[in-house]
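In: Need a 3D model of the sequence below.
(one chain, ligands or ions: 4)
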Amino acid sequence: MRKAKIVDTIGPATESLENLTKIVEAGMDVARLNRSHGTPEDHLRVYNNVREAGKATGRNVAVLVDLQGPKIRCGWFKKNADGEDKVQLTAGQEFIITTDDIEGDEHITSTTFKGLPGDCHPGDPILIDDGKVRLEVTKVEGNNVHTKVIVAGPVSSHKGINLPGVAVSLPALTEKDEEDLRWAIRTGADIIAMSFVRFATDIDRAHEIMDEEGRRIPIVAKIEKPQAVENLEDIVKAFDGIMVARGDMAVEMPFEEVPLVTKRCISLARRYARPVIVATEVLGSMVHSPVPSRAEASDCANAVLDGADATMTSNETAVGEYPTESVNTMARISGYATEHGLASIPSLDNLDMSKSGAVSSAAVDLAEKIDAKAIVAFTQTGDTVHRVSRERPAAPIYGLTTDEHTYHWLALSWGTEAFLLDEDYHQLNRKQIMELTDATLKAAGKVEDGDHVVVLTCSQGDLEPGSTDSIYVHTVGTTR
Ligand SMILES: Nc1ncnc2c1ncn2[C@@H]1O[C@H](COP(=O)(O)OP(=O)(O)OP(=O)(O)O)[C@@H](O)[C@H]1O
Ligand SMILES: CC(=O)C(=O)O
Ligand SMILES: [K+]
Ligand SMILES: [Mg+2]
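Out: Residues are numbered from 1 along each chain as shown. Ligands and ions are numbered 1, 2, ... in the order given. So this is what the prediction gives:
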């Protein structure tokens, strides 16, 4: 049984209802709509298709909207003789990046970021297109940043620009991000991902907007800047989950640091009971190949064995030639890793233990000792499930909730299957809770009479999040 989840970036290769249905059947748990690309109209169509594919297949599929964030990009380039808006830079030449509104050529490009000259200093490296082209700042004059080309390569319209090590003076949420966030809330997204998070307080503006819109959605911090790594523990605590965004991370900091940062992200996320996604190039060569490389198969399995909640596809499913095969392959690798390698997922001895953390931990312990068929958690926000899930128990976790967005949010949680209840359980007594448990799980074919399950719930009538305080060892079919 596969316990780690799968997040897939949706793009031209997967956005039709037919193709989405195929990747849902192959194992997609969360669809990622990247607001760095495409229009809100495109994404509304994709959103509706994801919902329809989820319904048609009966699978719980969440929608994650990834905001562009303060990413700096090139402007337009003039068309060359071949009709392409693309230039070739050569090593040693001068190349200017300007905030003037001009069309670029092999000597100069405009940039979307007006603060660039103020943020750059001679000697700073500037990277274009995920580090494929490398420049070094020689001088700053007015609106122009003069650079020398260190590593040559092609540059074309709207390619991303990274300034590793420079504290870029852009807000965590740009105007476009604010619009996209409002769009996501109104459309019905379940999860938001914030790009280029630097500080724990970067979440505050997003919460203000959510409060204005009348709905809070879990926010995943994308860890892709050195400042985020410096402030990692505070960010993990402030946000609802994290994504190890290895694409930008590997150009923002030395790539040899990425594997260890990834492991640290996973263990900190588990300490604070936050879901963690390992992203980018997990099966990268499958953009053009129906099978993964050996290194990729290992990368995917190792992310799962390190304890990630989920692995993610990007280009593989957005623009690749083998999107369904990519999801299938990820499901196979991840499923095998948890079926045969569960014992090698590190067990952490430094878990953050609030009262509810300790209660959940005791439930996991109990389930193991009595070899329970399942751990059942009644949950409003999903937090109780996360506290159980972070311990990576062998027994399946069933999260029972009355909230439709919590139901979808749990699609991202390791080892968890969510059930949407149409009856509020807060006023039910113990006997009624057990009856509801049995009815829900038996209808889904998860348990049979006589099975032992461990049930986590809160005292009758208690609506406060974090109030889970009751553990029951329940024998299915008995309602004493
Ligand atoms: N909705 C879309 N429409 C068109 N192309 C897309 C779309 N989503 C993704 N793509 C393409 O797939 C590629 C990989 O997707 P991904 O989301 O990883 O982009 P990215 O720009 O690398 O990510 P980010 O900006 O979050 O770091 C993109 O570079 C883009 O070319
Ligand atoms: C996913 C993403 O944003 C990255 O890897 O950079
Ligand atoms: K993005
Ligand atoms: Mg990124």
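In: burial measure for residue 429, as a count.
Out: For residue 429, the neighbour count with other C-beta atoms under 10 Å is 10. C-beta coordinates here come from the backbone N, C-alpha and C atoms, glycine included.
In: hang on, I meant residue 309
Out: Neighbours of residue 309 using other C-beta under 10 Å come to 30.
In: Remind me which helix or strand residue 88 belongs to.
Out: strand 86-89 (DSSP states H and E).
In: and the gap between the closest residue to ligand 3 within the stretch 251-400 of the chain and ligand 2?
Out: Here the stretch 251-400 of the chain gets closest to ligand 3 at one residue, residue 314, 10.1 Å apart by C-beta to the ion. The gap separating residue 314 from ligand 2 is 6 Å, by C-beta to the nearest ligand atom, to the nearest Å.
In: Show me what the nearest residue to that residue once chain neighbours are set aside is bridged to.
Out: Distance criterion C-beta to C-beta, 6 or more residues apart in numbering; nearest residue to residue 314, sequence neighbours excluded, is residue 9 at 4.8 Å. Per DSSP bridges, the residues bridged to residue 9 are residue 32.
In: wouldn't residue 9 be in contact with residue 35 here?
Out: No: using C-beta atoms under 8 Å, residue 9 makes no contact with residue 35, being 11.7 Å away.
In: and residue 173, how many residues sit next to it?
Out: Residues lying near residue 173 (other C-beta under 10 Å) number 24.
In: Tell me how many other residues crowd the closest residue to residue 152 other than its chain neighbours.
Out: With C-beta to C-beta, 6+ apart as the criterion, residue 152 has its nearest non-adjacent residue at 4.5 Å, and that residue is residue 91. For residue 91, the neighbour count with other C-beta under 10 Å is 11.
In: which residues touch residue 91?
Out: By C-beta atoms under 8 Å, 6 or more residues apart in numbering, the contact set of residue 91 is 149, 150, 151, 152.
In: can you list those in TSV and add secondary structure?
Out: What follows is the contacts of residue 91, written out as TSV (DSSP: H, G, I helix; E, B strand; the rest coil):
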residue	secondary structure
149	strand
150	strand
151	strand
152	coil
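In: what packs against whatever helix or strand comes next after the strand holding residue 88?
Out: Moving toward the C-terminus from strand 86-89, the next helix or strand (DSSP H and E) is strand 94-98. Judged by 3 or more C-beta pairs under 8 Å, 6 or more residues apart in numbering; DSSP states H and E, strand 94-98 is in contact with strand 108-110, strand 133-141, strand 144-151.
In: Make TSV out of those and add mean neighbour count.
Out: What follows is those, written out as TSV (neighbours: other C-beta atoms under 10 Å):
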stretch	mean neighbour count
strand 108-110	22
strand 133-141	17
strand 144-151	18
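In: how about those, which one is nearest ligand 4?
Out: Nearest to ligand 4, of all the helices and strands packed on strand 94-98, is strand 133-141, at 17.2 Å by C-beta to the ion.
In: Neighbouring strands of the closest one in the sheet, and parallel or not?
Out: Strand 133-141 sits in its sheet next to strand 125-128 (antiparallel), strand 144-151 (antiparallel), going by DSSP bridges.
In: so how many other residues sit close to residue 90?
Out: Per other C-beta under 10 Å, the neighbour tally for residue 90 reads 10.
In: residue contacts, the nearest residue to it once chain neighbours are set aside?
Out: In this structure, residue 90 finds its nearest non-sequential neighbour in residue 152, 5.1 Å apart by C-beta to C-beta, 6+ apart. The neighbourhood of residue 152, defined by C-beta under 8 Å, 6+ apart, consists of 88, 89, 90, 91, 133.
In: Please report how far the second one lies from residue 111.
Out: In this structure, residue 89 and residue 111 are 15 Å apart, going by C-beta to C-beta, to the nearest Å.
In: Kindly identify which of the contacts of residue 91 also come near ligand 3.
Out: With respect to ligand 3, and counting by C-beta under 5 Å from the ion, no part of the contacts of residue 91 is in contact.
In: What is the end-to-end distance of stretch 168-180?
Out: 21 Å (C-alpha to C-alpha, to the nearest Å).
In: In a markdown table, list the strands paired with strand 133-141 along with mean pLDDT.
Out: Formatted as a markdown table, the strands paired with strand 133-141 follow (pLDDT from 0 to 100):
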| stretch | mean pLDDT |
| --- | --- |
| strand 125-128 | 95 |
| strand 144-151 | 98 |
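In: and of those strands, who's closest to residue 298?
Out: Proximity to residue 298 (C-beta to C-beta) singles out strand 125-128 among those, at 27.2 Å.
In: would you put the C-alpha positions of that closest one in CSV?
Out: In CSV, the C-alpha atoms belonging to strand 125-128 read as follows (Å, rounded to 0.1, in the frame of the first residue of the first chain):
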residue,chain,number,x,y,z
PRO,A,125,26.3,36.9,-9.5
ILE,A,126,23.1,37.0,-11.5
LEU,A,127,21.7,33.8,-12.9
ILE,A,128,19.2,33.4,-15.8
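In: So which of the contacts of residue 91 is the closest to ligand 2?
Out: residue 151 (19.5 Å; C-beta to the nearest ligand atom).
In: I'd assumed residue 129 was in contact with the closest one.
Out: No: the pair residue 151 / residue 129 is not scored as a contact, 10.9 Å apart, by C-beta under 8 Å.
In: ok, which residues in the stretch 101-250 of the chain are in contact with ligand 4?
Out: For the stretch 101-250 of the chain, the residues in contact with ligand 4 (C-beta under 5 Å from the ion) are 224, 245, 247, 248.
In: and residue 42, helix, strand or coil?
Out: With three-state DSSP as the basis, residue 42 sits in helix.
In: Please name the residues that touch it.
Out: Neighbouring residues of residue 42 by C-beta under 8 Å, 6+ apart: residue 15.
In: cool, residue 359 as well?
Out: By C-beta under 8 Å, 6+ apart, the neighbours of residue 359 are 456, 468, 469, 470, 471.
In: for residue 187, same thing?
Out: The neighbours of residue 187, taking C-beta under 8 Å, 6+ apart as the test, are 43, 44, 47, 65.
In: that older thread, export the contacts of residue 359 to a markdown table and tack on pLDDT, neighbour count and secondary structure?
Out: Formatted as a markdown table, the contacts of residue 359 follow (pLDDT from 0 to 100; neighbours: other C-beta atoms under 10 Å; DSSP: H, G, I helix; E, B strand; the rest coil):
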| residue | pLDDT | neighbour count | secondary structure |
| --- | --- | --- | --- |
| 456 | 95 | 28 | strand |
| 468 | 73 | 27 | strand |
| 469 | 79 | 13 | strand |
| 470 | 88 | 17 | strand |
| 471 | 94 | 18 | strand |
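In: What is the nearest of the residues you listed to residue 228?
Out: Set against residue 228, the nearest of those by C-beta to C-beta is residue 468 (30.5 Å).
In: thinking that closest one is in contact with residue 357, fair?
Out: No: between residue 468 and residue 357 there is no contact under C-beta under 8 Å: 9.7 Å.
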